[in-house]
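Asks: how does the following fold in three dimensions:
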Amino acid sequence: MLIRTLLACLFSWAAWPVAAQSFPDRPIRVIVPVSPGGGTDIFARKLVELIGASLGQPIIVENRAGASGTIGTQAVLDSRPDGHTLGFVWNTPITAAPHTLGARYRMDSYTPVMRVGYSPFAICARPDFPASNLQEMVARIRANPGQYTWGNEGMGGVMHLGVERVWRRLGLELTAVPFQGAGQTLPAFLGGHITFYGGSLTGAVPALRAGTAKCLMLTTADGSPEAPGSQGLAALGLTDMAITIWWGLIAPSGVPADRLERLTAAFTEAARHPDFATLMQQQAAVLNIETGEAFARSIRAEYEALGTVARQLNLLR
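Replies: Numbers count the residues shown, from 1 in each chain. As a prediction, the model looks like this:
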């Protein structure tokens, strides 16, 4: 009996490395919970391109937009926790939607894998809008209450909460118009359907470079060289209200640690590739990699802060 037990253990130990090395054993899906074309989609596809065949299986990017990212995020979390389905998200479906949009998931429903970086949110006007700086924009809106509209990445999202807080502090009245990411907001803005583009500075870059937009307000404390003429919230004395959009990778809760480790290593290596750093710079984003528990702590802090804002705005669901 003892010999049989020892043999069983030996076979088990011998087989373990093979089993561990067999992951992934089929294509990996990366669900992007937003329409194609915006910064979230662009960054996800570049990471997948840079990873290439290093994991031994194809990686398929699947866009699943809707409900401010909660539909695609829920699809990630409903999948088997085996490491073959991941989500590349921005912060709204993670830190805002559970408070404001009735999302069924909470922080313990997923495992943070890595953050790649962040960018300011931006409020941009068309070139002929009668304001050349942030102070003039505020004065114009104040003189015309209720006449202007601003697009955003979804009601109850990170940008909506953050910017509404600014509007209220300044006593401004604008109508919020929700979209499903910059890929939808920017065309609506360029088509004249809304007064102001509201979304990541990354999403506004094509219009800035084409000269079809001017970004007057950023939600960081300071402006950005990528948006000439922009000013941050410090110009209004509102540095304490600064907030950014960030992008990162999540997995369903329960993925085995060895699989998470392999995925984290592959995606981190891709994010550190010079081509990815160049892309982020081109898209007016800041490369800032954070993994594991450090990433989880950042999420937790923002989740709690936005919960407070949602309560103050009577948006809790």
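
Asks: any idea how far Q231 is from A188?
Replies: Distance from Q231 to A188, counting by CB to CB, to the nearest Å: 24 Å. Placement of C-beta: from N, CA and C, glycine included.

Asks: out of the two, which sits in the busier spot?
Replies: Applying other CB atoms under 10 Å to Q231 and A188 shows that Q231 carries more neighbours, namely 20 against 15.

Asks: surely that one and N133 touch.
Replies: Yes. Counting by CB atoms under 8 Å, N133 is a contact partner of Q231 at 6.4 Å.

Asks: give me the number of residues near A235?
Replies: A235, neighbours per other CB under 10 Å, totals 19.

Asks: that one: what's it in contact with?
Replies: L134, Q135, G223 (CB atoms under 8 Å, 6 or more residues apart in numbering).

Asks: ok so, going back, and for Q231 and N133, which residues touch both?
Replies: Counting by CB under 8 Å, 6+ apart, the contacts common to Q231 and N133 are L216.

Asks: sorry, back to before: for ChimeraX, write the selection for the buried entries among the contacts of A235.
Replies: Only the buried members of the contacts of A235 enter the following ChimeraX selection, criterion being 16 or more other CB atoms under 10 Å:
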select :134,223
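
Asks: tell me what the most centrally placed residue in the chain is bridged to.
Replies: In the chain, the C-alpha nearest the mean C-alpha coordinate belongs to W90, at 1.4 Å (CA atoms, centre = their mean). Beta-bridge partners for W90, by DSSP bridges, are W247.

Asks: and it, how far from W150?
Replies: W90 is 18 Å from W150, where distance means CB to CB.

Asks: what's downstream of the lowest-mean-pLDDT helix or strand in the chain, the next helix or strand?
Replies: Ranked by mean pLDDT, DSSP states H and E, the weakest helix or strand in the chain is helix 2-21, scoring a mean of 44. Next helix or strand after helix 2-21 toward the C-terminus (DSSP states H and E): strand 28-32.

Asks: which residues sit against that next one?
Replies: Contact partners of strand 28-32, identified using CB under 8 Å, 6+ apart, comprise 40-41, 44, 48, 55, 57-64, 72-73, 75-76, 79, 83-89, 249.

Asks: thought S68 was touching the residue nearest to the centre of the chain, still the case?
Replies: No. Counting by CB under 8 Å, W90 does not reach S68; the two are 9.9 Å apart.

Asks: overlap in contacts, those two.
Replies: E153.

Asks: neighbouring strands for the longest strand anywhere in the chain, and are they parallel or not?
Replies: Across the chain, the strand with the greatest residue count (assigned by DSSP state E) is strand 110-125. Note on strand 110-125: by DSSP bridges, its sheet partners are strand 197-200 (antiparallel), strand 214-218 (antiparallel), strand 244-252 (antiparallel), strand 286-291 (antiparallel).

Asks: for stretch 205-223, C-alpha coordinates in CSV please.
Replies: Taking C-alpha atoms only, stretch 205-223 is exported to CSV below (Å, rounded to 0.1, in the frame of the first residue of the first chain):
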residue,chain,number,x,y,z
VAL,A,205,-6.5,63.3,-30.2
PRO,A,206,-7.7,62.8,-33.8
ALA,A,207,-9.9,65.9,-33.7
LEU,A,208,-7.2,68.0,-32.0
ARG,A,209,-4.6,67.0,-34.7
ALA,A,210,-7.1,67.7,-37.4
GLY,A,211,-7.9,71.1,-36.0
THR,A,212,-11.6,70.3,-35.6
ALA,A,213,-11.6,70.6,-31.8
LYS,A,214,-10.0,72.6,-29.0
CYS,A,215,-9.9,71.1,-25.5
LEU,A,216,-10.4,73.8,-22.9
MET,A,217,-10.7,71.8,-19.7
LEU,A,218,-8.9,68.7,-18.5
THR,A,219,-9.8,66.9,-15.3
THR,A,220,-6.3,66.7,-14.0
ALA,A,221,-4.8,69.5,-12.0
ASP,A,222,-2.8,70.9,-15.0
GLY,A,223,-3.1,71.1,-18.7
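
Asks: buried residues, that stretch. List them.
Replies: 205, 207-208, 213-221, 223.

Asks: would you turn those residues into JSON lines with distance to Y197 and pLDDT?
Replies: Listed next are these as JSON lines, based on distance: CB to CB, whole Å; pLDDT from 0 to 100:
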{"residue": "V205", "distance to Y197": "11", "pLDDT": "90"}
{"residue": "A207", "distance to Y197": "7", "pLDDT": "96"}
{"residue": "L208", "distance to Y197": "10", "pLDDT": "95"}
{"residue": "A213", "distance to Y197": "6", "pLDDT": "98"}
{"residue": "K214", "distance to Y197": "10", "pLDDT": "97"}
{"residue": "C215", "distance to Y197": "8", "pLDDT": "97"}
{"residue": "L216", "distance to Y197": "10", "pLDDT": "97"}
{"residue": "M217", "distance to Y197": "11", "pLDDT": "98"}
{"residue": "L218", "distance to Y197": "12", "pLDDT": "97"}
{"residue": "T219", "distance to Y197": "13", "pLDDT": "96"}
{"residue": "T220", "distance to Y197": "17", "pLDDT": "95"}
{"residue": "A221", "distance to Y197": "21", "pLDDT": "94"}
{"residue": "G223", "distance to Y197": "16", "pLDDT": "93"}
